[in-house]
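Asker: Any chance you could fold what I've pasted below:
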Amino acid sequence: MPKNPPEPPTVQVPTVQVPTGLVVLVGPPASGKTSFVRALIAAGRIDPDAVVSSDAIRAELFGAASPSEAESDAADARVFEERDRRIAARLAAGRSAVAESTNVTPQARARLIALAGRFDAPVTVLRFDPGLDCLLEQFTERGRADLTADDVHAYAAVMARDAGADQLRAEGATAVHDVPGRRQAATPAEAAARFSFA
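Answerer: Numbers count the residues shown, from 1 in each chain. Next up is the predicted model:
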C-alpha cells in the first residue's frame, strides 16, 4: 500500500517581544489597527485598559455631538490632552500603553515619543501599511461615513512619505515592526499571535 507523502514542515514565525512601555500604532484609517487591537485583547495578549484610542475618547467626550463640533480644532485638543493624560498615567505606573490613532505624521509621533521620554519608557512602533489597493478595499468594506476615499489616499501618501522604518527609528522609536495584514494573507488574529507583550 503506498504511503501518503509527508506533511510539509510548519513554518514557525518568531514572536516579537514588545517590552513594557509605549506602543505606537502607525497607519492610515482602515489599515487594520483597531482589528489588530481587538484580536490582541480577545487572545488575552494585552489588557483592554492598555489601549488608549483617540476615536474612543472622542466618542466618550462628544458622544452625539454634531460632526462639526466633534471634529473641531478645540475638540481635537481636548481629545489628545485626554489621550496623553491616560498614557502618562499608565507609563507612570510602569505599565504599557498602546496609542491607537493614525500617528502617520512626525508631529503626532513626536508628542508621543516626548511623553514616553518623561518616563524613560521604550517606544515600540507597530506599522500598518497594507498597500493602497488593500487599504481602499478595507475602507470600502467598513463603510465609514466620517472619511472619504480621498482622505484615505491622503493619509496613505503621508504614511509613505513620513513613516518609513528608518525615519521612525531616527525619531526615537526603540523598535519598529510591520504588522502583517490582508496583503500577507494574515487575519488580525494571526497578526496578533506574532506579538507578545510584557
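Asker: Just list whatever residues bridge to residue 127.
Answerer: Using DSSP bridges, the bridge partners assigned to residue 127 are residue 26, residue 178.
Asker: What are the boundaries of the strands in this protein?
Answerer: Secondary structure of the chain (DSSP state E): strands located at 16-18, 22-26, 51-53, 97-100, 123-127, 175-178, 195-197.
Asker: can you pull the alpha-carbon coordinates of the second one into CSV?
Answerer: Spelled out, that is strand 22-26. Extracted as CSV, the C-alpha positions of strand 22-26 are listed here (Å, rounded to 0.1, in the frame of the first residue of the first chain):
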residue,chain,number,x,y,z
LEU,A,22,4.6,52.9,24.9
VAL,A,23,3.4,51.1,21.8
VAL,A,24,2.5,53.5,19.0
LEU,A,25,0.3,52.2,16.2
VAL,A,26,1.1,53.9,12.9
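Asker: can you tell me the average pLDDT over it?
Answerer: Confidence for strand 22-26, expressed as mean pLDDT, is 98.
Asker: Show me what it is in contact with.
Answerer: Around strand 22-26, the neighbours that count as contacts under C-beta atoms under 8 Å, 6 or more residues apart in numbering are 33, 36-37, 87, 91, 96-104, 109, 112-113, 115-116, 121-128, 159, 163, 168, 173, 197. Glycine gets a C-beta too; all of them are placed from N, C-alpha and C.
Asker: From the centroid of the chain, which residue is nearest?
Answerer: With distances taken as C-alpha atoms, centre = their mean, residue 25 lies nearest the centre of the chain, 2.6 Å away.
Asker: and the residue lying closest to that one once chain neighbours are set aside, what does it touch?
Answerer: Nearest-residue entry for residue 25: residue 33, 4.6 Å, with adjacent residues in sequence omitted and distances by C-beta to C-beta, 6 or more residues apart in numbering. For residue 33, the residues meeting the contact criterion (C-beta under 8 Å, 6+ apart) are 25, 27, 100, 102, 128.
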